[in-house]
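[1] Just to be clear, the model below is a prediction. Sequence and coordinates:
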Amino acid sequence: MVDICEKCEIWGLNRVDSGAKGSNLGQRGDLGKGCHWFKWVLAVFLGTHTPKLDEKGRVILPAKFRDPLTDGLVMTKGQERCVVIWPNEQFQEYAEGLRRRSQNNEKVRAYTRVFFSSAFDDSADKQGRVTIPAPLREWAGLDRDLVVVGADTRIEVWATVAWNQYLAVQEPGFASLDEDLMP
């Protein structure tokens, strides 16, 4: 017998909408809280934002990104020299996937070492600020001008120049990528 959670209405899919003001898209809210079928509802981080990095290395995250991070977050090196911010539970799930990979594989060991050794756990303060540790700021070339990108289940923090260069290369081929990646 399947016991359906009334709060999330079977995965919460019929409660998620367009992302307009007042919607639940990209926010956990009450969706799934206390549900025994899953601990959390996947946050969907969307959009591109341009906050500033302050002199203490802090960035104010967009308000709509904050709720999924209330249980903590993990920052680490991302691909293409960005900083990736994961909700703690999402990071733990990703880490579990890495643990299931064969440690006999040299590439898995190398990736795992770099990924975990550059990770920092943290939480946002009451103003929604997160301090990006100096080693990650230096590695990603972050200065005052940033781009914060919603990238599905994670947040990416880019130096503005690096993000613009990345888009200049990637956007022209975007339509053809759809043909290759989607059935």
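    Sure, I can see it.
[2] just how off-centre is the worst-scoring helix or strand of the chain on mean pLDDT within its chain?
    When the helices and strands of the chain are scored by mean pLDDT, DSSP states H and E, helix 174-181 comes last with a mean of 77. When distances are taken as Cα atoms, centre = their mean, to the nearest Å, helix 174-181 is centred 23 Å away from the chain's centroid.
[3] ditto for stretch 92-109
    That offset, for stretch 92-109, works out to 19 Å (Cα atoms, centre = their mean).
[4] What score does the spatially most central residue of the chain have for pLDDT?
    In the chain, the residue lying closest to the centroid (Cα atoms, centre = their mean) is residue 154, at 1.3 Å. We have a pLDDT of 94 for residue 154.
[5] Please apply the same query to the one 4 residues further on.
    Model confidence at residue 158, given as pLDDT, is 99.
[6] Contact partners for it?
    Under the criterion of Cβ atoms under 8 Å, 6 or more residues apart in numbering, the contact list for residue 158 reads 82, 83, 140, 146, 147, 148, 149, 166. From N, CA and C alone the C-beta is placed, and that goes for glycine too.
[7] Neighbours of residue 165, how many?
    13 (other Cβ atoms under 10 Å).
[8] Doesn't it lie inside a strand?
    No. If the criterion is DSSP: H, G, I helix; E, B strand; the rest coil, then residue 165 is helix and not within a strand.
[9] so how far is residue 159 from it?
    Going from residue 165 to residue 159 by Cβ to Cβ, to the nearest Å gives 9 Å.
[10] swap in residue 61?
    According to Cβ to Cβ, residue 61 stands 17 Å off from residue 159.
[11] now residue 101
    From residue 101 over to residue 159 (counting by Cβ to Cβ), the distance is 30 Å.
[12] Looking at these two, which has the bigger crowd around it?
    Neighbour count, other Cβ under 10 Å: between residue 101 and residue 159, residue 159 has more, with 21 against 13.
[13] What are the contacting residues of stretch 109-123?
    69-70, 72-77, 88, 91, 95, 98, 101, 103, 130-131, 133, 135-136, 139.
[14] By neighbour count, sort out the buried ones in these.
    69, 73, 74, 75, 76, 77, 88, 91, 130, 131, 136 (16 or more other Cβ atoms under 10 Å).
[15] Pick out the most distant pair among those.
    69 and 77 (18.6 Å; Cβ to Cβ).
[16] residue ranges of the helices in this protein, please?
    Using DSSP state H, the helices of the chain run over residues 63-66, 88-99, 106-117, 134-140, 160-170, 174-181.
[17] Brilliant, that's me finished.
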